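> just the structure for this:
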Amino acid sequence: MKLDQIMLSQFSFDQLKKLIEGAVRSQLNDFGKSILIPNSHDELLTREEASNFLKIDQSTLYHWTNKGKVKAYAIGARRYYKKAELIECLTPIYSSNEK
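Reported below is the predicted structural model:
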């Protein structure tokens, strides 16, 4: 038990707080991905459903597809988008206060 006390005494309160916050954030991110993506992995969305899901105009979805920002799948003339891949295309935005 004394060994645990010695190891913890090497950290300042702020260092320990950041270490715990980082570990919790990492675990929550992993948990969120495991819940969110597998449930919708195989779900295909039409152009209209995909644009509604992303809350964008269909013309924006068309341009993003042509630029390679999102990937479309085709059956004949119909285009479909995988919901999981649309979620993966989203990039996190961090404010200058977060790191």
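> now stretch 44-58: buried residues?
By 16 or more other CB atoms under 10 Å, the buried positions in stretch 44-58 come out as 45, 47, 50-51, 53-54. In this view, the C-beta of every residue, glycine as well, is placed from N, C-alpha and C.
> surely Met74 forms part of a strand?
One thing to correct before we go on: residue 74 is Ala, not Met. Yes. Counting by DSSP: H, G, I helix; E, B strand; the rest coil, one finds Ala74 located in a strand.
> roughly how far does it sit from Gly22?
42 Å (CB to CB, to the nearest Å).
> burial measure for the nearest residue to Glu49 once chain neighbours are set aside, as a count.
Closest residue in space to Glu49, ignoring its immediate chain neighbours: Tyr81 at 7.9 Å, by CB to CB, 6 or more residues apart in numbering. Here the count is done by other CB atoms under 10 Å, and Tyr81 has 24 residues near it.
> thought Leu44 was touching Tyr81, still the case?
Yes. Between Tyr81 and Leu44 there is a contact under CB atoms under 8 Å: 7.1 Å.
> any shared contact partners between those two?
Common contacts of Tyr81 and Leu44 (CB atoms under 8 Å, 6 or more residues apart in numbering): Tyr73.
> what are the neighbouring residues in contact with the closest residue to Ala50 other than its chain neighbours?
Closest residue in space to Ala50, ignoring its immediate chain neighbours: Tyr81 at 4.1 Å, by CB to CB, 6+ apart. Listed by CB under 8 Å, 6+ apart, the contact set of Tyr81 reads 44-47, 49-50, 61, 70-73.
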